[in-house]
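Asks: I'll drop the sequence and a predicted model, then ask my questions.
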Amino acid sequence: MFRGLYTATSGMMSQNRNQQILTNNLSNSNTPGFKTDEAAIRSFPQQLIKAQNANQPAPIGRLSTGVYVQEAIPSFLQGPIRETGNATDFALVNDNLPLDAETGERGTLLFAVETEQGDIRYTRNGQFTVDAEGFLATSFGQRVLGDNLQPIQVGDGGFSVQTNGELTRSDGVDAGSIWIGAADEPEQLIKQGHNLLAWAGDDADAPALAEDAERFVKQGFVEQSNVDLTRTMTDMMTAYRGFESNQKVIQAYDRSMEKAVNEIGRV
């Protein structure tokens with residue numbers, strides 16, 4: 001009896017975690033460059049049930065012991081491109097990446113930034129600013145890196161960016177190029193807050209400077225979130241119904257145990 005109670009409880013916990021992931025997607029639907037997360041729900045290892053027999057146990061079947069949310073997997077599909085007209089806004093265009101010959105899929109393009117601790121992180125959010133010292137930076141203060149992996153200084157004046165990431169100041173001085181990296185296995189990227197991504201795979205497969213980077217960057221545009229609002233709302237309703245169903249199972253178990261204690265125990 002109690003085994004089913006634990007199974008239903010694990011279902012409630014999984015749907016609760018799924019609801020949290022969906023809520024986070026919904027709250028970031030207007031965050032530039034945000035990538036929607038999808039919950040990977042897995043089943044606990046099944047148990048093989050056998051009938052007790054003195055000679056040879058006879059197999060009866062398998063018994064599931066519940067489910068759990070293994071991880072939240074971000075989807076790196078290209079989000080809609082919106083024109084802003086701001087010189088410090090940049091959008092990366094994945095559609096110009098070549099297809100992988102084996103998988104038939106594209107990887108993803110990334111900007112590189114430097115954290116306060118000096119670590120390199122990646123982002124798809126190209127809504128940048130110019131800090132007090134004239135460096136190109138994110139809205140949280142991380143400085144954007146050039147193709148030499150050093151912060152880019154654009155000065156106080158205006159600047160322009162070519163589609164391959166090359167920067168030119170308004171006085172005609174070359175300011176270098178923005179680091180535009182390509183990740184062939186974007187599923188190895190993990191979120192770390194502030195719309196930043198860290199590489200969790202092998203260093204040999206880490207994002208590298210993209211080759212033939214023509215037509216990868218659009219100045220004056222930002223990539224919007226790839227959250228599908230209609231699908232997210234539908235998934236939230238489904239998760240709620242799943243939570244409610246498991247809750248009713250637990251209530252049924254509770255009534256059964258109450259009856260066993262108060263009535264059967266008197267016999």
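Replies: Okay, I see it. Numbering: from 1, shown residues only.
Asks: What residues are bridge-paired with residue 180?
Replies: Under DSSP bridges, the beta-bridge partners of residue 180 are residue 111.
Asks: How many neighbouring residues does residue 170 have?
Replies: Residue 170 has 13 neighbours, counted by other C-beta atoms under 10 Å. C-beta here means a position set from N, CA and C on the backbone, and glycine is covered the same way.
Asks: Next up, phi/psi of it, please.
Replies: phi -70, psi -20 (degrees, to the nearest 10).
Asks: dump the residue contacts of it.
Replies: Contacts here follow C-beta atoms under 8 Å, 6 or more residues apart in numbering; on that basis residue 170 touches 157, 158, 159, 160.
Asks: Low-confidence stretches in this protein?
Replies: 1, 47-60, 213, 264-267 (pLDDT under 70).
Asks: Could I get the full set of helices for it?
Replies: 2-27, 229-262 (DSSP state H).
Asks: and residue 178, which of those helices is closest to it?
Replies: Nearest of those to residue 178, taken as C-beta to C-beta: helix 2-27 at 28.0 Å.
Asks: and the closest one, how far from the chain's centre?
Replies: Offset of helix 2-27 from its chain centre (C-alpha atoms, centre = their mean, to the nearest Å): 18 Å.
Asks: helices or strands up against that helix?
Replies: strand 37-43, strand 67-74, helix 229-262 (3 or more C-beta pairs under 8 Å, 6 or more residues apart in numbering; DSSP states H and E).
Asks: follow-up on the earlier one: out of the helices of the chain, which gets nearest to residue 66?
Replies: helix 2-27 (3.2 Å).
Asks: what separates the spatially most central residue of the chain from residue 243, distance-wise?
Replies: The centroid of the chain falls nearest to residue 74 when counting by C-alpha atoms, centre = their mean (2.6 Å). For residue 74, the distance to residue 243 equals 24 Å [C-beta to C-beta, to the nearest Å].
Asks: Over to residue 150?
Replies: Residue 150 is 50 Å from residue 243, by C-beta to C-beta.
Asks: between these two, which one's more packed in?
Replies: residue 243 (17 against 12).
Asks: what's near enough to touch that one?
Replies: 11, 12, 15, 16, 19.
Asks: Any idea what residue 69 is bridged to?
Replies: Under the criterion used (DSSP bridges), residue 69 bridges to residue 41.
Asks: Pull up the gap between it and residue 216, please.
Replies: 35 Å.
Asks: how close does the residue nearest to the centre of the chain get to residue 44?
Replies: 25 Å.
Asks: could you measure the nearest residue to residue 220 once chain neighbours are set aside against residue 189, distance?
Replies: Counting by C-beta to C-beta, 6 or more residues apart in numbering, residue 220 lies nearest to residue 85, which is 5.2 Å off, once chain neighbours are set aside. Look at residue 85 and residue 189: by C-beta to C-beta, they are 30 Å apart.
Asks: So for those two, which sits in the more crowded spot?
Replies: Using other C-beta under 10 Å as the criterion, residue 85 and residue 189 rank with residue 189 on top: 24 against 8.
Asks: list the contacts for the more buried one?
Replies: Here residue 189 is in contact with 74, 76, 122, 183, 197, 198, 199, 200 (criterion: C-beta under 8 Å, 6+ apart).
Asks: Could you export the residues you listed as TSV, including distance to residue 231?
Replies: TSV is the format used below for these (distance: C-beta to C-beta, whole Å):
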residue	distance to residue 231
74	15
76	16
122	26
183	25
197	23
198	27
199	28
200	26
